[in-house]
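Asker: Got a sequence here, can you build the structure:
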Amino acid sequence: MTLQWGYKRAFWRCVLLMVVGAALQMTLGDFDNKFLRYPWGLIFAINYLYLLLLIYVQGAKWKWLQQLSDGYAMISSLASLMVLTIIFGLTRQDPSTTGVIGALGFSRMTSSWVFILVLFYFTTTLGVTVIRDLHHFRKVRLAASLSHVVVFVCLTAAMFGSADKERVTVSLALDRMTYMGQTRDGEAYELPFALTLREFKMEEYPAKLYILDTQTENSSQEFLLAESEGAEAQVGEWQLKAKHIVDMAIRMPESAEWREMHHVGAAPAVKVEAVNKATGARFEGWVSCGSHIMEPAYLWLGERYAVAMPRREAKRYLSRLEIMDDKGEQWRENIEVNKPARIGAWRIYQVGYDTQRGRWSTSSVVECVRDGWWGVVQVALWLMLAAAGVMFLTAGGRRIAKKSKEVKQ
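Answerer: Next up is the predicted model:
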């Protein structure tokens, strides 16, 4: 099976766009979208919509304009965009410009001329299609037309509103009100609201115990997961058993014993029994990862090897924030990873904490993100929900109509 000439020509246009994008990337460097900051992004968006309308109206007179709205152009541009997206997804995204990948901008997707041109081309073909759907509006195409509108609005908002997105990193200290942050460029930024960290909470995974080679500082691949007292595991030639587990413990000065104590700086501790399967040697003692005030503890298995516990991995952590807006109203929000708080067009994300103190951290790092075009995207998402409802209703109507015809026959 061979491609029709229309598809071949359409794909060649996409290839030409990629070549032009690569040339621009090599000569001008990354695409800089700062010129799209408000109000210029809105002005360019309005003019872009006008040009799309003009392309549709003048398409009957100019054949090359018709090619922007046919199925060949849309399918070829969508396929090219998907290929680029897969390439970018398989490429590590970082600021590096070394090598062919970095020079072509594949390691910086949102700043790559290749991606920007193909995305703009696809959005243009989709925009002309949307205008045509609205001009020749039919009920049977309502769901498809709404779907096209949703994708077009989201892409347009992403392109022309990208420069209006603000990302501000805020370092919070316990019980200290903060309204200043720092942008990615290192500039100070005053937020339209104030944040106060009232509490930081963390949940951790159970401790893991490894056999540590103190000469090479390498740990065993196997480990004992100390989920409960009595847990056992074969680690190398050693049989490890967790005899006693204390989630919060402190070792008293000049003592090898760890006692349960709920105090700042308390660390997890496990009393371990280690038996060598080959020699029968047996050792027993406490193992702890320590904390910012407590030294770690090891169970020595002779002169070279020891049972060690690395810092426990964070399972879940959250910050309890008190927020005050510019009107003086205050309320509290719990934010954690992938569960941000919302203040108008702003979103507050949990991004870090004091890793040295761990669960006893008295500071938290949040990122405040503002998208000025979020309202437009919200309208598009509601249209998507409407499109899904229309698809459901019209599909049901067709089935009913078909059944009724069969009954009449």
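Asker: okay, CA-based contacts and neighbour counts for the rest of this
Answerer: Will do.
Asker: Pop the domain breakdown of this structure in here.
Answerer: The chain breaks down by automatic domain parsing into domains covering 5-164, 166-202+315-370, 206-312.
Asker: Now for residue 158, how many residues are close by?
Answerer: Close neighbours of residue 158, defined as other Cα atoms under 10 Å, add up to 17.
Asker: Excluding residues flanking it in the chain, which one is nearest residue 94?
Answerer: Nearest non-adjacent residue to residue 94, counting by Cα to Cα, 6 or more residues apart in numbering: residue 107, 5.7 Å away.
Asker: can you check residue 212 too?
Answerer: Closest residue in space to residue 212, ignoring its immediate chain neighbours: residue 219 at 4.5 Å, by Cα to Cα, 6+ apart.
Asker: mind checking how far that neighbour is from residue 236?
Answerer: Distance, residue 219 to residue 236, by Cα to Cα, to the nearest Å: 11 Å.
Asker: Now do the shared contacts for the two.
Answerer: Counting by Cα atoms under 8 Å, 6 or more residues apart in numbering, the contacts common to residue 219 and residue 236 are residue 211.
Asker: quick one: the strands in the stretch 151-300 of the chain?
Answerer: Counting by DSSP state E, counting those that start in this stretch, the stretch 151-300 of the chain has strands at residues 166-173, 177-183, 188-204, 207-213, 218-219, 224-226, 232-235, 238-251, 258-260, 267-276, 282-288, 299-301.
Asker: between those strands, which gets the lowest average pLDDT?
Answerer: Lowest mean pLDDT within these: strand 258-260, a mean of 89.
Asker: counting contacts, what elements does that one pack onto?
Answerer: Applying 3 or more Cα pairs under 8 Å, 6 or more residues apart in numbering; DSSP states H and E, one finds that strand 258-260 contacts strand 238-251.
Asker: For the strand it packs on, report the contacting residues that lie outside it.
Answerer: Strand 238-251 has contacts (Cα under 8 Å, 6+ apart) with 224, 226, 228-234, 257-263, 266-277, 294.
Asker: ok, of these, which come out buried?
Answerer: The neighbour count (16 or more other Cα atoms under 10 Å) marks 224, 226, 232-234, 258, 260, 266-276 as buried among those.
Asker: if we can go back for a sec, the residue nearest to residue 94 looks like it's in a helix, true?
Answerer: No: using DSSP: H, G, I helix; E, B strand; the rest coil, the assignment for residue 107 is coil, not a helix.
Asker: Look up how far residue 148 lies from the closest residue to residue 141 other than its chain neighbours.
Answerer: Spatial nearest neighbour of residue 141, chain neighbours left out: residue 133 (7.9 Å); criterion: Cα to Cα, 6+ apart. From residue 133 over to residue 148 the distance is 9 Å, taken as Cα to Cα.
Asker: Just the pLDDT for the residue nearest to residue 94.
Answerer: Note on residue 107: pLDDT of 83.
Asker: what's around it, how many residues?
Answerer: Neighbour count for residue 107, taken as other Cα under 10 Å: 24.
Asker: That one and residue 113, how far apart?
Answerer: 12 Å.
Asker: Name the residues that touch stretch 103-117?
Answerer: 17-22, 24-26, 30-32, 81, 84, 87-88, 91-97, 101-102.
Asker: Which PyMOL command selects the buried ones in the residues you listed?
Answerer: Selection of buried members from the contacts of stretch 103-117 for PyMOL, criterion 16+ other Cα under 10 Å:
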select buried, resi 17+18+21+22+24+25+30+31+81+84+88+97+102
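Asker: Inside helices: which ones of the contacts of stretch 103-117?
Answerer: Judged by DSSP state H, helices contain the following of the contacts of stretch 103-117: 17-22, 24-26, 81, 84, 87-88, 101-102.
Asker: Farthest-apart pair in these, please.
Answerer: 26 and 81 (20.2 Å; Cα to Cα).
Asker: Can you get me the start-to-end distance on stretch 318-338?
Answerer: Stretch 318-338 stretches 11 Å from its first residue to its last (Cα to Cα).
Asker: May I see the buried residues of stretch 120-135?
Answerer: By 16+ other Cα under 10 Å, the buried positions in stretch 120-135 come out as 120-133.
Asker: Can you add secondary structure and pLDDT and give those residues back as CSV?
Answerer: Shown next, in CSV, are the buried residues of stretch 120-135 (DSSP: H, G, I helix; E, B strand; the rest coil; pLDDT from 0 to 100):
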residue, secondary structure, pLDDT
120, helix, 94
121, helix, 93
122, helix, 93
123, helix, 93
124, helix, 92
125, helix, 92
126, helix, 91
127, helix, 91
128, helix, 90
129, helix, 87
130, helix, 89
131, helix, 89
132, helix, 85
133, helix, 83
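Asker: Can you tell me which of those is closest to residue 344?
Answerer: residue 123 (28.2 Å).
Asker: mind checking how far that closest one is from residue 129?
Answerer: Applying Cα to Cα, the value for residue 123 to residue 129 is 10 Å.
Asker: swap in residue 359?
Answerer: In terms of Cα to Cα, residue 359 sits 54 Å off from residue 129.
Asker: swap in residue 300?
Answerer: Per Cα to Cα, residue 300 is found 72 Å from residue 129.
Asker: Please apply the same query to residue 164.
Answerer: According to Cα to Cα, residue 164 stands 27 Å off from residue 129.
Asker: Over to residue 66?
Answerer: Relative to residue 129, and taking Cα to Cα, residue 66 is found at 11 Å.
Asker: what does residue 378 give?
Answerer: As judged by Cα to Cα, residue 378 and residue 129 stand 22 Å apart.
Asker: can you count the residues close to the residue nearest to residue 377 when sequence neighbours are not counted?
Answerer: Distances taken as Cα to Cα, 6+ apart put residue 154 closest to residue 377, at 5.7 Å, once the chain neighbours are dropped. Residue 154: 19 surrounding residues under other Cα under 10 Å.
Asker: Next one, pLDDT for residue 154 please.
Answerer: pLDDT for residue 154: 86.
Asker: For it, which residues are in contact?
Answerer: Residue 154 makes contacts with 376, 377, 380, as judged by Cα under 8 Å, 6+ apart.
Asker: now swap in residue 209 and tell me
Answerer: By Cα under 8 Å, 6+ apart, the contact set of residue 209 is 223, 224, 225, 226, 307, 308, 309, 310.
Asker: Could you measure from it over to residue 107?
Answerer: Between residue 209 and residue 107 the computed distance is 38 Å (Cα to Cα).
Asker: Next: residue 87.
Answerer: As judged by Cα to Cα, residue 87 and residue 107 stand 10 Å apart.
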